[in-house]
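> return a 3D structure for these sequence lines:
(chains A and B)
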Amino acid sequence: MAGVMEHVLGNEVGRLIVGLIVVLIFSQLNALFLVWLERKVAGHIQLRIGPKEVGPFGLLQTIVDGLKLVGKELITPKRADKILFIIAPVLVFVPVLVPFIVLPFSKSLPLNDMNVGLLVIFSFSTINVLAILIGGWGSNNKYALLGAIRSVAQNIAYEIPLLLSVLSVVLMTKTLQMSKIVEAQSSYWFFLVQPIAALTYFICATAETNRAPFDIPEAESELVAGFHTEFSGMRFGLFFLAEYTNVFVVCAVATTLFLGGWTGPFGYSLGIPGIIWFLAKTYLLVFVIMWFRWTFPRLRFDQLISFSWKVLIPLALANLIITAGVIKLI
Amino acid sequence: MAMINSEPEVTREYFLNLGPQHPSTHGVLRVLLKLDGEYIVEADPIIGYGHRGHEKMAENRTYKQFMPNPSRVDYLSGFIYNHGYVLAVEKLMGLEVPERAKYIRVICSELNRISSHLLWFGTFLMDLGAFTPFLYCFDDREVILDLLDSITGSRLTYCYCRIGGVAKDIDDQFIEGTLSFIKRLRSRWTDYHNLVTKNVIFIHRVKNIGLITKDIALKYGVTGPNLRGCGVPYDIRKAEPYEIYDELDFEIPVGEKGDIWDRYMVRLNEMEQSCRIIEQAIKKLPRGPIKASGVPVKIAPPKGEVYFPFESARGEAAFYIVSDGTEYPYRIRIRVPSFSNLQALIEVLPGTLVADTIAILGSIDIVVPEIDR
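Modelled structure (predicted):
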């Protein structure tokens, strides 16, 4: 048995296949856990206690909810564009899985530590918007269409400052390889030297995941459910799981870029394994994003665009130029 | 060359049915929106989905049998309506009510006003996308509901006032509970202001948006906090004082421009003024009977008519009762503030965004069943 494992894991293809299965399982369990966490966090922020009936601390609640979604009928509206309508949930879910391949959970655990890791993450995360647009357009529903249009408008707002803030880090490390970015932070974490980039990234990341205060495309009180109004059963479930997986991914990237990935503070790992450091930091950021959601009201989408173009982009750009100058001098 | 089609490109306007089933229409209101992109070109509020025929019901019931109905017209200020109806009938009969009953009614009415404003505060912020304040408000509101429950026996649709007094006396427990609730509410203001009023996103969402100017307000008969938001200090409790309101010291908070922010601040300040009214009323609460003696069992007011306006949580509400001298009212007409307040939307909404529409609709604080009656 051990020999077989060794053979499979030693082989590049074998490693990838095993890795993909692990990624699939991890991302699903993680999404279910995050849904549970969200409900618990929301509960405690709102003077409630959240789910508690199914399983210990209500941990199995989301699994039961998931089973319910699986059992539901998949309704396709009569006048919907059938092909687009069916593709959209798949298209929204697959791209959020890809970043897991390059995420450096620990020193030995990036599934494939390719030298363009960062590029892979950002190019795939952009597909998300396409999927939302397709879903909203394909539903042939005015609320869904409004949600899709808003999603594109929002994409214009956050994408540029997001990449600009990431570029500052890339300039410092001179690499797109995730593991090397983490290693560059072995003595100090980058958010200490790049606070503006870190802040810009985090704001834009919240917008990318369509979370409050930027949950404009699915603004519940305005657009009923926004782009996924018409989706039922597991198709809706895929949108839902994709959102939470995406939250995890952007937080994991933030951890990698600004919080030193698997390393401990100032190089002291305190005997705690790297993967624990990584997950602890990521879940802390996830908690902050949840905290946002249950605290802030929603922005209007034109306000988000003007905030992004008038504040975030100049800030990120200035930060990038200063970073470039300082690096040249040193 | 002449064949070239030179028709200018136009953006196509389309209609969006906001409601009757929509998370933010506060019941079964339907607003037909004509949209250009997300901008509103025309807005047409369509009502009538919650019609229950309260006015017609009144014609087939005796004055006493109609008692439970008024609190169901506007279920969020049920006590105030219950109070108003009783006052109207008493005025028609020329009945004098004992002092203690008046004080009890005013205390309960003001508690009801606070509970209504608290619910508005929560749902309005939910419309803006902030979910959490809703539950904090409901937590506070729960105390009021429990207090009123302890003396009236119901949590929402009260029927506690009687023609000539109130059903039963209040006890020390109720008074202590009310005073400690006021203390609790005041300690909550800091939280509310830190969480909401000082929030930059909130300020951007409400300042200079949804202007109901003085002209529009007066043209459509807008009353209540919506009217006071644009700077008109009109409140029935001051303009035509009923019960003991002229003996109490309270202010009428007003805004400046009439935007959402002004309406928000007016309601928040009004809650504080209601607290002051309750405190004073409790301090002055006289001893004595709670029901007038000599109220006939069969209530048949003399022939005539009466129009009795009172300040509900949403504005000027009134009962217009025509009596033909029998046990049954000939006609009862209810003037509801939400109806007039809603009509102003026709002029306010065009030019705003869909997101603003929801905020404005929320800020006007409508109760749809009240409009339809």
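> torsion angles phi and psi at the closest residue to residue A:154 other than its chain neighbours?
Nearest residue to residue A:154, sequence neighbours excluded (C-beta to C-beta, 6 or more residues apart in numbering or on different chains): residue A:216, at 5.6 Å. Backbone N, C-alpha and C define where each C-beta goes, glycine included. Per-residue torsions, residue A:216: phi -60, psi -40 (degrees, to the nearest 10).
> hmm, residue A:216 is touching residue A:150, no?
Yes - using C-beta atoms under 8 Å, residue A:216 is in contact with residue A:150, at 5.0 Å.
> which residues are in contact with both of those two?
Both residue A:216 and residue A:150 are contacted by residue A:301, under the criterion C-beta atoms under 8 Å, 6 or more residues apart in numbering or on different chains.
> number of nearby residues for residue 60?
Answering for chain A, as no chain was given. For residue A:60, the tally of surrounding residues (other C-beta atoms under 10 Å in any protein chain shown) stands at 16.
> sorry, should have said chain B
The burial count for residue B:60: 10, using other C-beta under 10 Å.
> now do residue A:175
17.
> Three-state assignment for it, please.
coil (DSSP: H, G, I helix; E, B strand; the rest coil).
> gap between it and chain B?
Distance from residue A:175 to chain B, counting by C-beta to the nearest C-beta, to the nearest Å: 37 Å.
> now do the same for that residue: its pLDDT.
Note on residue A:175: pLDDT of 84.
> apart from its neighbours in sequence, what residue is nearest it?
residue A:181 is the one closest to residue A:175 (C-beta to C-beta, 6+ apart), at 6.5 Å.
> residue B:238 is in what secondary structure piece?
If you go by DSSP states H and E, residue B:238 is part of helix B:236-239.
> cool, and residue B:322?
strand B:315-323.
> just the CA trace of that strand, in CSV.
Listed next in CSV are the C-alpha coordinates belonging to strand B:315-323 (Å, rounded to 0.1, in the frame of the first residue of the first chain):
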residue,chain,number,x,y,z
GLY,B,315,-48.6,61.5,10.8
GLU,B,316,-52.0,62.9,11.0
ALA,B,317,-54.6,60.1,11.3
ALA,B,318,-58.2,60.9,12.0
PHE,B,319,-61.6,59.3,12.5
TYR,B,320,-64.6,61.0,10.9
ILE,B,321,-67.8,59.5,12.4
VAL,B,322,-71.3,60.3,11.3
SER,B,323,-74.0,59.2,13.8
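> which residues are contacting that strand?
With C-beta under 8 Å, 6+ apart, strand B:315-323 has contacts from B:70, B:74, B:80-81, B:84-85, B:88-89, B:92, B:222-227, B:236, B:300-311, B:329-338, B:340-341.
> isn't residue A:213 right up against residue B:201?
Yes - counting by C-beta under 8 Å, residue A:213 does reach residue B:201; the two are 5.7 Å apart.
> centre of the chain versus the helix or strand hosting residue A:67, how much separation?
Taking DSSP H and E as the definition, one finds residue A:67 inside helix A:61-71. Distance of helix A:61-71 from the chain centroid (C-alpha atoms, centre = their mean, to the nearest Å) equals 22 Å.
> need the contact partners of that helix.
Residues outside helix A:61-71 that contact it (C-beta under 8 Å, 6+ apart): A:32-33, A:35-36, A:39, A:51, A:53-55, A:233-234, A:236-237.
> whichever of those end up buried, select them in PyMOL.
Per 16 or more other C-beta atoms under 10 Å in any protein chain shown, the buried members of the contacts of helix A:61-71 correspond to this PyMOL selection:
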select buried, chain A and resi 32+33+35+36+39+51+233+234+236+237
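> hmm, which of the contacts of helix A:61-71 is lowest in pLDDT?
For those, the weakest pLDDT value sits at residue A:55, with 79.
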